[in-house]
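Visitor: Pasting the sequence and the predicted model now:
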Amino acid sequence: MSLEIRGCGTALVTPFRKDGSVDEPALRRLVQFQLREGIDFLVPCGTTGETPTLEHGEYIGVIRLVVEEVDGKVPVIAGVGGNSTKKVAELANQVESLGVQGILSVAPYYNKPTQEGLYQHFKTIAEASELPVILYNVPGRTSSNIEPATVGRLSEIPNIIGIKEASGSIVQQMEVLNAVKPGFRVLSGDDAFTLPLIAAGGVGVISVVSNEAPGPMVRLTHLLLDGKYDEARNLNLQLLPLMQVNFIETNPIPVKAALAMMGLIEEVYRLPMIPMKPENRAKLEKVMAAQRLLQAQKV
């Protein structure tokens, strides 16, 4: 199965009701909001979706709902990760039947595998499914860095097609670009790295900020991909405060608070995520007001 992935994809939050259950109507509204704003692809059940707290049935239900609501308009890339290779491979095989166009698989957390262990982990996952696989490197959460040479080796596996690179190092991102085979897609995993990574040869971003500002983030990535750097730099500077405030506390705490301010979801988290500190909420609200996002999509 081929997958052309380029531009801005949203790492979707998972909305919950006050009783803690998945808020399916709110999730449908979020998907429709994304589609109206021109998003290029959607990524349910990643880190931003609080996936570690979802029961298996909820996880499958979220992916199925997003696929149904998207109705083929844009690709859906399902988050499929964990620290048991066998379980992740089984899950990769299972989601294939749900109609997704690819999977995003995070490096194993807590185990701290060697580079060869990482290679064997992702190779096993790729062999378990015919779906295109996008690697996800986020050492700040996993304590496991997929080094450029390892990404280069993995890029030779036919259905491993790209990486969401969130190492926080533009040097490492450029080393990845230099290590992989032609056509391998390198996407930013940090909103604030979108501009420099695309300038260096990346093809887009899997974004948190695009939950609340999909239109502007899509425009930013497309300006960059079209080589319109003057316009892109200006837009990037406008969006920078929003990019920064979205990580004033652990993701997805700020982005869910922001979406609640917009009236799109109820502000409900599952432990160990908790609501924002009042002083940080005030900072978020100030930036949201300056970006003219407050109540922009009230439902």
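Guide: Yes, it's here. Residues are numbered from 1 along each chain as shown.
Visitor: just the helices in the stretch 101-250 of the chain please.
Guide: Taking DSSP state H, counting those that start in this stretch, the helices of the stretch 101-250 of the chain run over residues 115-128, 139-142, 148-154, 170-179, 194-200, 214-225, 229-245.
Visitor: need the next SSE after the last one, C-terminal direction.
Guide: Following the chain from helix 229-245 toward its C-terminal end, the next helix or strand by DSSP states H and E is helix 253-261.
Visitor: other SSEs contacting that next one?
Guide: Applying 3 or more C-beta pairs under 8 Å, 6 or more residues apart in numbering; DSSP states H and E, one finds that helix 253-261 contacts helix 278-290. Heads up, the C-betas are built off the backbone N, CA and C, glycines and all.
Visitor: about what we covered before: mean neighbour count, the helices of the stretch 101-250 of the chain: which tops it?
Guide: For the helices of the stretch 101-250 of the chain, ranked by mean neighbour count under the definition mean count of other C-beta atoms under 10 Å, the leader is helix 214-225 at a mean of 22.
Visitor: Tabulate the helices of the stretch 101-250 of the chain in JSON lines, adding columns for distance to Arg36.
Guide: Supplementary listing: the helices of the stretch 101-250 of the chain in JSON lines, determined by distance: least, C-beta to C-beta, whole Å:
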{"stretch": "helix 115-128", "distance to Arg36": "34"}
{"stretch": "helix 139-142", "distance to Arg36": "31"}
{"stretch": "helix 148-154", "distance to Arg36": "35"}
{"stretch": "helix 170-179", "distance to Arg36": "31"}
{"stretch": "helix 194-200", "distance to Arg36": "21"}
{"stretch": "helix 214-225", "distance to Arg36": "8"}
{"stretch": "helix 229-245", "distance to Arg36": "19"}
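Visitor: weakest of those by average pLDDT?
Guide: Within those, confidence is poorest for helix 139-142, with a mean of 93 (mean pLDDT).
Visitor: Residues in contact with that helix: which ones?
Guide: Helix 139-142 is touched from outside by Thr47, Val106, Ala107, Pro108, Tyr109, Tyr110, Asn145, Ala166, Ser167, Gly168, with contacts defined as C-beta atoms under 8 Å, 6 or more residues apart in numbering.
Visitor: Could you point out which residue ranges in the protein have low pLDDT?
Guide: Within the chain, the segments meeting pLDDT under 70 span 1-2, 295-299.
Visitor: of all the helices of the stretch 101-250 of the chain, which lies closest to Phe41?
Guide: Between Phe41 and the helices of the stretch 101-250 of the chain, the shortest gap by C-beta to C-beta is with helix 214-225, which sits at 10.5 Å.
Visitor: residues touching the residue nearest to Leu154 when sequence neighbours are not counted, list them.
Guide: Once its chain neighbours are removed from consideration, Leu154 has its nearest residue in Ile160; the separation is 5.0 Å (C-beta to C-beta, 6 or more residues apart in numbering). For Ile160, the contact set (C-beta under 8 Å, 6+ apart) comprises Phe122, Ala126, Pro132, Val133, Ile134, Leu135, Leu154.
Visitor: Switch the residues you listed over to CSV; also include distance to Val209.
Guide: Rendered in CSV, the data for the contacts of Ile160 read as follows (distance: C-beta to C-beta, whole Å):
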residue, distance to Val209
Phe122, 27
Ala126, 30
Pro132, 25
Val133, 25
Ile134, 19
Leu135, 22
Leu154, 28
